[in-house]
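Asker: Quick one, fold the following:
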Amino acid sequence: MRAWRHNVAGYGAVLCSAMDGVLITPLKRIATSRGDVLHGMKCGDPGFAGFGEAYFSTVNRGETKGWKQHTRMTLNLVVPVGRIRFVICAECKGVREFRDILLSPESDELYQRLTISPGLWMAFRGEGNTTNMLLNVASIHHDPAEARNSPLESIPWNWPSLNG
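Answerer: Predicted coordinates for the structure are as follows:
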């Protein structure tokens, strides 16, 4: 994905590419007269790092969950219902970079899979008017010891307004 340069005393410009751990994969929707089929993930897809478990999580409109950083788990996130905004924070040599990604089945442009590698911080907010649901196809079983949580105010981010 995107790399950026910054100066480090005595070293000049240093290339940092922590956001290389973020992958966006467009997903297929097959329309049928009795209801659509929404693809999620196949074992040969980019971002697949093994299968540990799959789970669903819901988030109410305007509610935010996070910040969370996994140390071993690769997340593969799909939003089959509603609209969820994800913010990823990467730190490299004391510099933070953010990536803001909106996922939803409401349009082909927003129906994508978000892959987040271990080591990146992530938070998400429900933005749909009804149920907002995500599916995580996780690379390992849930293990509370491999994740760190931090309060929302610990990593400053200005969430866009939900009005409009």
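Asker: contacts, neighbours, all on C-alpha from now
Answerer: Will do.
Asker: Give me the below-cutoff pLDDT ranges for the chain.
Answerer: 1-18, 164 (pLDDT under 70).
Asker: Tell me which stretches of it form helices.
Answerer: Using DSSP state H, no helices are assigned anywhere in the chain.
Asker: So which residues of it form strands?
Answerer: Assigned by DSSP state E, the chain shows strands spanning 4-8, 12-16, 22-26, 29-30, 37-38, 53-58, 64-70, 75-81, 84-92, 95-103, 112-116, 121-126, 133-138, 147-149.
Asker: Just the residues contacting the last one, thanks.
Answerer: To tie it back to what came earlier, the one meant is strand 147-149. Outside of strand 147-149, the residues within contact range by C-alpha atoms under 8 Å, 6 or more residues apart in numbering are Gly66, Trp67, Lys68, Gln69, His70, Thr71.
Asker: just those residues now: which is nearest Glu109?
Answerer: Nearest to Glu109 among the contacts of strand 147-149 is Gly66, at 24.9 Å by C-alpha to C-alpha.
Asker: Please verify my assumption that the closest one contacts Met122.
Answerer: Yes. The pair Gly66 / Met122 is scored as a contact, 6.2 Å apart, by C-alpha atoms under 8 Å.
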